[in-house]
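Trainee: need coordinates for the following:
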Amino acid sequence: MKTRVLTILFALFVSVVYAQETTKVGKLVEVKEGSERTEVALLNNRIHIEDNYGTDTTHIRVGKRSVEIVEEGGKTNINMQRDRFFDDDDKDWGDSWRRKNFNGHWAGFELGVNGFFNTDYSAYTEGDFMDLNQAKSIEVNFNFLEYNIALSPDRIGLVTGMGWSINNYRFDNPLTIEKQDGIIVPVPIEKEGFDKSKLTASYLTVPLLLEFQIPVNGGSNEVFVSGGVVGALNIGSHTKIKANSSKSKDHGSFAINPFKYSVVGRIGLKDISLFASYGLSTFFKDDKGPELYPFTIGISLLNF
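Mentor: Got it, this is the predicted structure:
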């Protein structure tokens, strides 16, 4: 597992730093980045992610399950279905990472709402320029690897693995951000024709969770509660502006902290759970931007 994790981290790091058109490492990772879309294939294409910039559509396929996220007309629509045209011969690929006597809850698809807490703009005169349109600041998580360590058979265990997290921060005001002399500053956008502006940051995540499972309904179901920490490595970020029926996108580090540490808690029944995370590290590097601590509240829609 350690070798695979390091290989994936290295491959994605190379793809971000050198911005190659295609990066491929065996059957584990393939990243294709173009002017209109980015495609990522993980684990021999068992997980496929396509982010289409032109149509504001993100399509995710995990095995035979398909999720489509569409931003259109000021709304975000989510469509889920089963892809009958994808032939996944290895039906139990997810189970290969699990201990049979304890099955935790990490692997799956999650949606959440992003925000910032304990903000400090004392070094700025512009005010709270990172204010967000909360309902449209969406986090999308694909937790694609899971490994469980049983502490008590069937009921208590440690859960770890790996995930891919995409954090969208939709600005509430007509502005974007730039890094000038190493410092993040707001840049106003002409209001006429303005539609939207956002910052997107992507991370590889690794959790360490302690999970308790409580049987209910005579043991036919179980409620689970887990908590712990999640470490994350920033693997890319960009701003995006839509105005006057045109779109522009700017890649950069934007002084975002390369490492993120968060405390996480979740509670659920079967394959549905609610989760919340709070960042222990600041969103931007120290003294490079306003002091912001990110948080997310969301729901896990499925497990695989």
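Trainee: for the stretch 151-300 of the chain, which spans come out with low pLDDT?
Mentor: Where the stretch 151-300 of the chain drops to pLDDT under 70, the residues are 219.
Trainee: my guess is Val230 contacts Gly265. True?
Mentor: No. The pair Val230 / Gly265 is not scored as a contact, 10.8 Å apart, by CB atoms under 8 Å. Every residue, glycine included, has its C-beta placed from N, CA and C.
Trainee: overlap of the contact sets of these two?
Mentor: Both Val230 and Gly265 are in contact with Ser277, where contact means CB atoms under 8 Å, 6 or more residues apart in numbering.
Trainee: and these two? Which one has more around it.
Mentor: Val230 (24 against 14; other CB atoms under 10 Å).
Trainee: gap between the more buried one and Met130?
Mentor: Relative to Met130, Val230 is positioned 22 Å away (CB to CB, to the nearest Å).
Trainee: and if you look at Asn143?
Mentor: Per CB to CB, Asn143 is found 27 Å from Met130.
Trainee: okay, now Phe117: neighbour count?
Mentor: Phe117 has 10 nearby residues by other CB under 10 Å.
Trainee: no no, Ile235
Mentor: Per other CB under 10 Å, the neighbour tally for Ile235 reads 19.
Trainee: cool, Ser226 as well?
Mentor: By the criterion of other CB under 10 Å, Ser226 has 23 neighbours.
Trainee: tell me which element the residue nearest to it when sequence neighbours are not counted falls in.
Mentor: Leaving out its chain neighbours, the residue that sits closest to Ser226 by CB to CB, 6 or more residues apart in numbering is Glu211, at 3.8 Å. Using DSSP states H and E, Glu211 sits in strand 194-216.
Trainee: what is that strand packed up against?
Mentor: helix 2-18, strand 138-152, strand 156-170, strand 175-180, strand 221-243, strand 259-269 (3 or more CB pairs under 8 Å, 6 or more residues apart in numbering; DSSP states H and E).
Trainee: secondary structure class of the residue located most distally from the centre of the chain, three-state.
Mentor: Relative to the centre of the chain, the most outlying C-alpha is that of Gly218, 36.1 Å out, by CA atoms, centre = their mean. Put simply, Gly218 is helix when judged by DSSP: H, G, I helix; E, B strand; the rest coil.
Trainee: what about it, distance to Gly157?
Mentor: Gly218 is 22 Å from Gly157, by CB to CB.
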